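Visitor: after the sequence you'll find the predicted model.
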Amino acid sequence: MDLESVRSLHVLLTHLHLDHLQGLGFFRPLYEPGLDVEVWGPASPVHGLAERIATYLSPPLFPVRLADLPAAITFRNAPETPVRIGSATIQASYVTHQGPTLGYGIEENGKVLAYIPDHEPSLGVSLQDQPAAWISGHDVARDADLLLHDAQYGDDEYPEHVGWGHSAMDHVMAFADKANVDTLLLFHHDPYHTDEELDRLLSDALRGRTARAGRTWLASEGMAFELDDAGFRRLG
């Protein structure tokens, strides 16, 4: 990123669990004097977003205090209605996960990217039997050209982790079908799964779902993609 040509940035936080927040303290733009950075995240009736993040970005957990960062940082609660940021329209929606957690839909030039990293839409229900509009996260994922979604557990592992806030592979596939998603990118892999196990999980999940073959990918380190007027293209 060429920070010299950038005047403002927006950061969309889904929730404040440490595995999703710890990189913020190493985010280079926060150390650029005068750069405007707007941080969006879930609201709380008790403490503001800045106060909650400062709990981590302060000693003894972090050597630099949030108030001492050189960038001009503004904290905002994620909007309850769609908001325009530059050329994109952002929609946020609370999803099923421990603590206030958001999913985001980002629309630009008629294309939609949906981002739901921690999500358990099937908690206590069968997704196949539910009206689409009643399913957690459906409003931001509906008709997405590309959905990035939690896929932490194999179907045989999920029964031991009900209520932990993450999805089984079969649930992700059902969710994508219900939301009429075009391309599905599976991530938030269980760190105990090897590459070979992930390949097997994907193969098992695609069995009997020929319509999803070629439109479902496992996210991997270094993967890059473009989503524009021509659709979705994997670059690496």
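Guide: Yep, it's here.
Visitor: isn't there a strand covering Arg84?
Guide: Yes: with the criterion set as DSSP: H, G, I helix; E, B strand; the rest coil, the secondary structure at Arg84 is a strand.
Visitor: which residues does the closest residue to it other than its chain neighbours contact?
Guide: For Arg84, the nearest residue in space outside its immediate sequence neighbours is Ile90; the separation is 7.7 Å by CB to CB, 6 or more residues apart in numbering. The C-beta positions use only the backbone N, C-alpha and C, and glycine is treated the same way. Taking CB atoms under 8 Å, 6 or more residues apart in numbering as the contact definition, Ile90 lies against Leu12, Trp40, Pro79, Pro82, Val83, Arg84, Tyr104, Gly105, Ile106.
Visitor: now name the helix or strand holding Ile90.
Guide: For Ile90, the element it lies in under DSSP states H and E is strand 88-94.
Visitor: next structured bit after that strand?
Guide: Moving toward the C-terminus from strand 88-94, the next helix or strand (DSSP H and E) is strand 102-108.
Visitor: state the next helix or strand along the chain beyond that next one.
Guide: Of the helices and strands lying after strand 102-108 in sequence (DSSP H and E), the nearest is strand 111-116.
Visitor: returning to that earlier point: need the contacts of Ile90 in TSV with pLDDT and neighbour count, can you?
Guide: Formatted as TSV, those follow (pLDDT from 0 to 100; neighbours: other CB atoms under 10 Å):
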residue	pLDDT	neighbour count
Leu12	96	16
Trp40	97	22
Pro79	87	13
Pro82	95	11
Val83	95	15
Arg84	95	8
Tyr104	98	22
Gly105	97	23
Ile106	96	19
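Visitor: between those residues, which sits nearest Ala176?
Guide: Closest to Ala176 out of those is Gly105 (13.9 Å), distances taken as CB to CB.
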